[in-house]
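# Coordinates only, no sequence provided:
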């Protein structure tokens with residue numbers, strides 16, 4: 001059973017930065033991807049970024065390109081999302097998650113409880 005421990009959310013001013021962390025506890029064969037999706041207030045879920053555990057291939061949503069960076073430490077089953085130049089529209093609950101097999105990298109099968117990010121002056 002997948003278990004996730006998320007941290008790093010909070011309140012930040014526009015233009016600021018945050019680093020989200022996620023540790024997960026489960027066997028991780030190479031055909032998984034790990035990453036983040038988010039849900040803004042009153043909106044649906046959208047993929048943010050992910051990284052393949054086997055080939056290291058990365059995915060970034062258009063809004064994340066150039067501002068967000070995903071990284072991982074496989075030895076400790078931990079990964080991070082570095083978010084720079086945050087904007088009010090980035091306000092959302094961010095979920096760390098795992099996608100299985102051939103699922104597209106912007107979709108996920110298992111996820112944590114989420115960490116809230118608020119971008120406001």
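Received it, and whenever you're ready, just let me know what you need. Because the structure is a prediction, the values reported are computed rather than measured.

# what residue ranges in this structure are flagged as low confidence?
Residue ranges of the chain with pLDDT under 70: 26-30.

# what's the residue closest to the geometric middle of it?
In the chain, the C-alpha nearest the mean C-alpha coordinate belongs to residue 36, at 2.2 Å (CA atoms, centre = their mean).

# Distance from the chain centre to the host helix or strand of it, please.
Element membership for residue 36 (DSSP states H and E) is strand 32-39. The chain centroid and the centroid of strand 32-39 are separated by 5 Å under CA atoms, centre = their mean, to the nearest Å.

# What is it packed up against?
In terms of contacts (3 or more CB pairs under 8 Å, 6 or more residues apart in numbering; DSSP states H and E), strand 32-39 is packed against strand 18-25, strand 45-52, strand 68-73, strand 78-83, strand 92-100. C-beta: built from backbone N, CA, C; applies to glycine.

# Turn the ones you listed into CSV, including mean neighbour count and distance to residue 2.
Converted to CSV, the helices and strands packed on strand 32-39 look like this (neighbours: other CB atoms under 10 Å; distance: least, CB to CB, whole Å):
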stretch, mean neighbour count, distance to residue 2
strand 18-25, 18, 6
strand 45-52, 21, 15
strand 68-73, 16, 16
strand 78-83, 20, 14
strand 92-100, 22, 6
